[in-house]
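K.L.:
I'll drop the sequence and a predicted model, then ask my questions.
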Amino acid sequence: MTGAQSRSSTRRPSTATATASTPEQSIPADEVAGAEPISGAPDLCEVACVDLEKVERALRLAPARATLATLAEMFRALGDPTRLRILTALAAVELCVCDLATLTGVSESAVSHSLRTLRQLRLVRYRKAGKIAYYSLDDEHVGRLISEGLIHVGESPRVPATTAASR
């Protein structure tokens with residue numbers, strides 16, 4: 001049995017739809033008896049079907065729900081522009097609350113609140129030097145996360161594969 005045949009053996013059409021005999025083949029919805037197109041959107045499948053092997057593999061490799069909830073909470077915190085300014089500044093140099101308030105243009109109280117959130121998510125840490133608390137990124141992962149995010153938003157928009165192939 002070839003790889004394509006083994007994959008197609010687990011591919012199941014969803015309610016009242018059909019699929020090609022191998023994943024590499026595609027049959028337009030209007031040519032499949034009883035199949036209704038899901039949507040006219042070009043970025044959706046023309047016929048609903050499920051590749052059970054791929055779904056089961058994705059489920060096996062997926063992080064635990066609690067881990068995903070924590071990750072979602074972290075990304076929610078990173079969704080605030082002030083917190084991102086704080087993190088990008090701390091990626092460059094250790095700063096105190098007064099420095100961060102000046103840098104971000106918000107009150108020390110607002111910076112302190114943001115830092116508390118970032119500290120609870122283990123994105124920043126502080127050290128005391130006398131009466132001053134200096135903040136830095138918690139570890140190198142945080143710096144890489146910010147750096148990768150900045151690289152990603154600087155990328156040019158991707159051209160859909162069908163458009164690129166037709167050129």
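P.N.:
Nice, I can see it.

K.L.:
dump the residue contacts of the residue lying closest to A89 once chain neighbours are set aside.
P.N.:
Once flanking residues are discounted, A89 sits nearest to L103: 5.4 Å by C-beta to C-beta, 6 or more residues apart in numbering. Using the backbone N, CA and C atoms, a C-beta is placed for each residue, glycine as well. Each residue near L103 by C-beta atoms under 8 Å, 6 or more residues apart in numbering is listed here: R85, A89, L95.

K.L.:
Drop anything exposed from these.
P.N.:
R85, A89, L95 (16 or more other C-beta atoms under 10 Å).

K.L.:
Can you add distance to S114 and give those residues back as JSON lines?
P.N.:
Shown next, in JSON lines, are these (distance: C-beta to C-beta, whole Å):
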{"residue": "R85", "distance to S114": "9"}
{"residue": "A89", "distance to S114": "12"}
{"residue": "L95", "distance to S114": "13"}
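
K.L.:
Narrow the residues you listed to those in helices?
P.N.:
R85, A89 (DSSP state H).

K.L.:
helix or strand for the residue nearest to A89, which one?
P.N.:
In this structure, L103 is located in helix 97-104 according to DSSP states H and E.

K.L.:
quick one: contacts of the helix or strand following that helix?
P.N.:
Once the chain leaves helix 97-104, the next helix or strand it forms, by DSSP H and E, is helix 108-120. Helix 108-120 has contacts (C-beta under 8 Å, 6+ apart) with 77, 80, 82-83, 86-87, 97-98, 100-101, 104, 124-126, 135.

K.L.:
Which of these ranks first by neighbour count?
P.N.:
Neighbour tally across these (other C-beta atoms under 10 Å): the maximum, 25 neighbours, falls on I86.

K.L.:
I'd assumed T104 was in contact with it.
P.N.:
Yes: using C-beta atoms under 8 Å, I86 is in contact with T104, at 6.4 Å.

K.L.:
which residues of the protein score low on pLDDT?
P.N.:
Low-confidence segments of the chain, defined by pLDDT under 70: 1-40, 156, 158-167.
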